[in-house]
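# Got a sequence here, can you model it:
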Amino acid sequence: MLPSGIDIDVKGYIEGRAVATGRTRSWEDGGLGKLRFGSANGGSRRAMVRLEGAAVARVMLGFDWTGIIHVTANQEQHVPVDIVEAFIQYKPAPRGAVGFSAKAGAFFPPISMENSSLAWTSPYTITSSAINSWVGEELKAVGGEAKLTYRTEDIDFEVSGAAFVANDPAGTQLAWRGWSLHDREAGLFDRLPLAPIRITRPGARLFKQAPTEEPFHEIDGRVGYYAHVSADHFDYGTLTALWYDNNADDKVLRAGQWAWRTRFWSAGYKVTLPGDVDVLAQVMRGGTSVVTVPTVPNGVVNTDFWATYLLVSKEFDRHRVSLRLDRFGTNDEDTSLDNNNEHGTAVTAAYVLRPAPRQRLTIEALYVKSYRPERAALGLPIRIGETQFQASYRFFF
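Below is the predicted model of the structure:
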């Protein structure tokens, strides 16, 4: 029996998924493909079936305090059931127009505008945009956040900031693999595969890098931060902006994981137009480096990155149709052997049907075309086009 004043609410889903992919080896299988699924060995198309799920438990600890834990289970993650988020939140009743809240634990930075549904999923598509795919795999604040809100008759303003640790490897994937599009949120104990690119091979400058990345690893003992502002107008939509700096010492290696100095800004806008048409747009730009020393002023690896997307979605009755265009790229700013330049474009189309109140069918088609010269070192074409079809059926509880 729970103590008086404590209540637990658990929600989640179980999903069956059918996937058809092209010939490219996916990044999950140690390749340089852009999608979550692909040919494990390269050279042949593949169809597969997946079963996965997620759950979010909210523990109400009285009026002002709430504990939240978000767990996930899928075939690719390192442990069978992993923790995606786990934090405690303090949110007292606002005093007039001003409100305050705070939280501590492990949580996503407030970047995504599309992943607004249960367990950080999207109500529009199966696959996240390139921006939010990266947020899901490499970004997590393990620390504390404070937030102030101010409400007027028409606009809600919000300002928040956080200090965090254990996000030192963030940027590894963007530099060495580049952008990707998927819906896999890495857990706190996860390990993400890395392709055997030239700079990490035996005898190369960064050969001590492990074959997998541990994205939520504390390496240098330094504290990072982010700052976030937003304005939400009843008629004109929501505008947000965020600055992130993990403040990592990019000369430190621990247990096969480098600390990457990663900084970026992101901005987003979301509005509902007449006819209940949702429009979302986001942009991100930043840079990441590793091993910056006086003799190598730009770093052994120094990569600038950028991405943007535009999503248009229309819901009617039990149906929703969505179309998203992504553009992304990286610029190699160092003189090392590897070539981390990249640019690409992706188009995603999705149809959602809710046949019953706690069920959701989503059919999605995705095509991404990308250019990455480093693929040539693995005997791959530097320009590739990848196609992926998915059908997902979710049962919510």
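
# Specify the local secondary structure of the closest residue in space to L380 that isn't next to it in sequence.
Leaving aside its chain neighbours, L380 sits nearest to L32 (6.5 Å; criterion: CB to CB, 6 or more residues apart in numbering). Where you see a C-beta, it was placed from the backbone N, CA and C, and this is true even at glycine. Under DSSP: H, G, I helix; E, B strand; the rest coil, L32 falls in the coil class.

# For A163, which residues are in contact?
Shown in contact with A163 (CB atoms under 8 Å, 6 or more residues apart in numbering): G143, G144, V223, G224, Y225.

# Would you give the sheet partners of the helix or strand hosting it, along with the direction of each?
Using DSSP states H and E, A163 sits in strand 155-165. Strand 155-165 pairs in its sheet with strand 141-151 (antiparallel), strand 224-233 (antiparallel), by DSSP bridges.

# Does whatever helix or strand comes next after it pack against any helices or strands, and if so which?
Counting by DSSP H and E, the element after strand 155-165 in chain order, helix or strand, is helix 172-176. If you count contacts as 3 or more CB pairs under 8 Å, 6 or more residues apart in numbering; DSSP states H and E, helix 172-176 packs onto helix 130-138, strand 277-290, strand 301-316.

# mind redoing it with 7 Å?
helix 130-138, strand 301-316 (3 or more CB pairs under 7 Å, 6 or more residues apart in numbering; DSSP states H and E).

# Mean pLDDT and distance to E158 added to the ones you listed, as TSV?
Putting the helices and strands packed on helix 172-176 into TSV (pLDDT from 0 to 100; distance: least, CB to CB, whole Å) gives the following:
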stretch	mean pLDDT	distance to E158
helix 130-138	98	18
strand 301-316	97	22
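
# can you list these in JSON lines and add mean neighbour count and distance to S116?
Formatted as JSON lines, those follow (neighbours: other CB atoms under 10 Å; distance: least, CB to CB, whole Å):
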{"stretch": "helix 130-138", "mean neighbour count": "25", "distance to S116": "10"}
{"stretch": "strand 301-316", "mean neighbour count": "20", "distance to S116": "12"}
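
# Distance to T362 for these - can I get that in JSON lines?
As requested, those are exported to JSON lines (distance: least, CB to CB, whole Å):
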{"stretch": "helix 130-138", "distance to T362": "16"}
{"stretch": "strand 301-316", "distance to T362": "12"}
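
# among the ones you listed, which is nearest D168?
Nearest to D168 among these is helix 130-138; the distance by CB to CB comes to 10.7 Å.

# got the contact list for A141?
Residues near A141 by CB atoms under 7 Å, 6 or more residues apart in numbering: F107, P109, A162, F164.

# repeat that with 8 Å
A106, F107, F108, P109, A162, F164, N167, Y226.

# again, but for Y124
E114, D278, L280, L311, S313, R320, S322, R324, A350, V352.

# Which of those sits closest to L337?
R324 (35.2 Å).

# ok, the host helix or strand of that closest one: who's next to it in the sheet?
Here R324 sits within strand 319-332, counting by DSSP H and E. Note on strand 319-332: by DSSP bridges, its sheet partners are strand 301-316 (antiparallel), strand 342-353 (antiparallel).

# Using TSV, lay out these together with distance to P80.
Shown next, in TSV, are the strands paired with strand 319-332 (distance: least, CB to CB, whole Å):
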stretch	distance to P80
strand 301-316	31
strand 342-353	28
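
# Those: which one's closest to E76?
The nearest among those, by CB to CB, is strand 342-353 at 20.0 Å.
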